[in-house]
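Peer 1: Provided below for reference: sequence and predicted model.
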Amino acid sequence: MPTRFTLTRFARMGLFVSAVALAGCTDASIGDFTPQHANRQLPPKIQQAMKAKDMKKTSPIVARVFKEEAKLEIWKQKANGRYDIIASYDICKWSGKLGPKFTEGDRQAPEGFYTVRSSQMKPNSQYHLAFNIGFPNAYDRANGRTGSNLMVHGACSSAGCYSMTDAQIEEIYAFGRDAFQGGQTEFQVQAFPFRMTAANMARYRNDPNYEFWKMLKVGYDHFELTKVPPKVDVCERRYVFNQISADGKPFNPVGACPASTQPDSLKMAYSSYQSSYEAAFASALKSSAPAPKPTIAGLKEANIVSEWTRKRARGERVPLEPPTLNADGSITQSERMGRIASAEGRRMAALEAEQAAKKKASAEKEAAIAAAKAAKQAQQVETAAAAKAAEIAAQTPVQALDAQTAQTNMAAEGNGAGAKLKKRLLGMFGG
């Protein structure tokens, strides 16, 4: 490898290293699209802009995504081999927070460097049009990150994807389609949490994802310097950019990085840039800046959200928004509950309604049995009380009559004795 390597020659080499052959890819696989909107041409305004920038309609592209700014950019190759921005779109929706995707179901939109081949273009997508960005890539797999069907698509609805309006995705899709028709076998998608300026890096310097972002920034910087998509490899479970293996050894994502070199011109340009960046970073630390946006707190939060997603997919009632892991380890979740509007959700709703009806019927039956038992016991008490009262009532007149008779007899006896005494006295006194 020559020690001196101009940026222009490196840019041309970039075209070669980014054009990895795709087995089984044919023109028919990207040309025989049924939906009419998959074949729509780019607007005249964009075609005029391409002509003004010396770009061919079918020249290669690269897509760049910035979460915080909610932007998706399309850069296209010019005749000199370098790339220039040709279109910028406001992302309609992206899900999750700033930070990488960790696991299936965490609803995180990926961050990193991804590859799109023609087989990943989805003209018949239920989201109008789409392309799969290629998650997980070698870096993701080496770090045990999982997920599937991560797309850039239309319909403005996202659960881990970058979603555009239908009109936007038609243009973005057309850029990719035309590039494939021009011979590009794959294009790069660079997904970042934010524009990786000194000011933004200073804002997020205390974030748990900062080291990951610093790694991405090297690739970001190389593109900014060369205006050519960087050659991306993975070794020691980390990204490396524009490294040329000295002895031709391949880069093993989980193995040690081989001895490698970089073009001298790139190393000099990067070193010069780093000096100015460090000065800008130091200055940014002293200045006021907008507060950082929410970021994912690593795999632990990803697993919490993933469990929420699984419950939601099963049609269970869950908080309407995904839970959030706080810095102190507590979990915040919405009090509003809901169920996803799906066949499974409707099935679960019907099942829960059936179970609730059975529970209600059982409760009503138990209440009826308890009421009947209580009524029977009350009747028994009432019957016993009535019997006792009748017994008392039957005994009371006899006792009263006996008492009255005794009193009458006593009174009669008293009256007779008095009469005899009176008669005796009268006799004694001549009465």
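Peer 2: Sure thing, it's come through. These figures come from a predicted structure and were not determined experimentally. Residues are numbered from 1 along each chain as shown.
Peer 1: which neighbouring elements make contact with the host helix or strand of K217?
Peer 2: Here K217 sits within helix 210-226, counting by DSSP states H and E. Under the contact criterion of 3 or more C-beta pairs under 8 Å, 6 or more residues apart in numbering; DSSP states H and E, helix 210-226 touches helix 7-17, strand 112-117, strand 186-192, helix 198-203, strand 238-241, helix 264-286. Every C-beta, even on glycine, is put in place using the N, C-alpha and C of the backbone.
Peer 1: now the helices: where do they sit in the stretch 251-400 of the chain?
Peer 2: 264-286, 298-313, 343-428 (DSSP state H, counting those that start in this stretch).
Peer 1: save these as JSON lines, and put in mean neighbour count too.
Peer 2: Listed next are the helices of the stretch 251-400 of the chain as JSON lines, based on neighbours: other C-beta atoms under 10 Å:
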{"stretch": "helix 264-286", "mean neighbour count": "13"}
{"stretch": "helix 298-313", "mean neighbour count": "18"}
{"stretch": "helix 343-428", "mean neighbour count": "10"}
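Peer 1: tell me who's in contact with L225.
Peer 2: L7, L266, A269, Y270, Y273 (C-beta atoms under 8 Å, 6 or more residues apart in numbering).
Peer 1: list just the nearest of those residues to T226.
Peer 2: L7 (5.9 Å; C-beta to C-beta).
Peer 1: for the residue lying closest to R310 once chain neighbours are set aside, helix, strand, or coil?
Peer 2: Nearest residue to R310, sequence neighbours excluded (C-beta to C-beta, 6 or more residues apart in numbering): G105, at 6.0 Å. With DSSP: H, G, I helix; E, B strand; the rest coil as the basis, the three-state label of G105 is coil.
Peer 1: what about G105, neighbour count?
Peer 2: Per other C-beta atoms under 10 Å, the neighbour tally for G105 reads 22.
Peer 1: and it, backbone torsions?
Peer 2: phi 90, psi 0 (degrees, to the nearest 10).
Peer 1: begin at 25, not 1, for the rest of this chat.
Peer 2: All right, first residue 25 from here; so that's G129.
Peer 1: these two touch, right, it and K335?
Peer 2: No. Look at G129 against K335 with C-beta atoms under 8 Å: they stay out of range, at 10.0 Å.
Peer 1: right, and T348 touches I320 too?
Peer 2: No. Using C-beta under 8 Å, T348 is not in contact with I320, being 9.4 Å away.
Peer 1: okay, the two: which has more neighbours?
Peer 2: I320 (24 against 17).
Peer 1: who are the contact partners of the more buried one?
Peer 2: Per C-beta under 8 Å, 6+ apart, neighbours of I320: G120, K121, L122, G123, P124, F126, D130, Q132, N233, A326.
Peer 1: between the helices and strands packed on helix 234-250, which gets nearest to P316?
Peer 2: Of all these, the one in closest proximity to P316, counting by C-beta to C-beta, is helix 222-227 (5.3 Å).
Peer 1: the closest one packs against which elements?
Peer 2: helix 234-250, helix 288-310.
Peer 1: how about that helix as PDB, C-alpha atoms only?
Peer 2: The C-alpha trace of helix 222-227 is given here as PDB (Å, rounded to 0.1, in the frame of the first residue of the first chain):
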ATOM      1  CA  ALA A 222     -18.400  19.800  19.400                       C
ATOM      2  CA  ALA A 223     -21.300  21.500  21.000                       C
ATOM      3  CA  ASN A 224     -23.600  18.500  20.900                       C
ATOM      4  CA  MET A 225     -20.800  16.100  22.100                       C
ATOM      5  CA  ALA A 226     -20.200  18.500  25.000                       C
ATOM      6  CA  ARG A 227     -24.000  18.400  25.900                       C
END
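Peer 1: domains for the protein, by residue range?
Peer 2: 31-310, 322-364 (automatic domain parsing).
Peer 1: distance of the residue nearest to E92 when sequence neighbours are not counted from A111?
Peer 2: For E92, ignoring the flanking residues on the chain, the nearest one in space by C-beta to C-beta, 6+ apart is F218 at 3.8 Å. In this structure, F218 and A111 are 20 Å apart, going by C-beta to C-beta, to the nearest Å.
Peer 1: ditto for Y163
Peer 2: For Y163 relative to A111 (C-beta to C-beta), the value is 27 Å.
Peer 1: these two: who's more crowded?
Peer 2: Legend: neighbour count by other C-beta under 10 Å for Y163 and A111, higher for Y163 (24 against 21).
Peer 1: thought that one was touching G136?
Peer 2: Yes. Distance between Y163 and G136: 6.0 Å, which falls inside the contact criterion (C-beta under 8 Å).
Peer 1: list residues touching both of those two?
Peer 2: Common neighbours of Y163 and G136 (C-beta under 8 Å, 6+ apart) are Y263.
Peer 1: burial of I109, as a residue count?
Peer 2: Applying other C-beta under 10 Å, we find 14 residues neighbouring I109.
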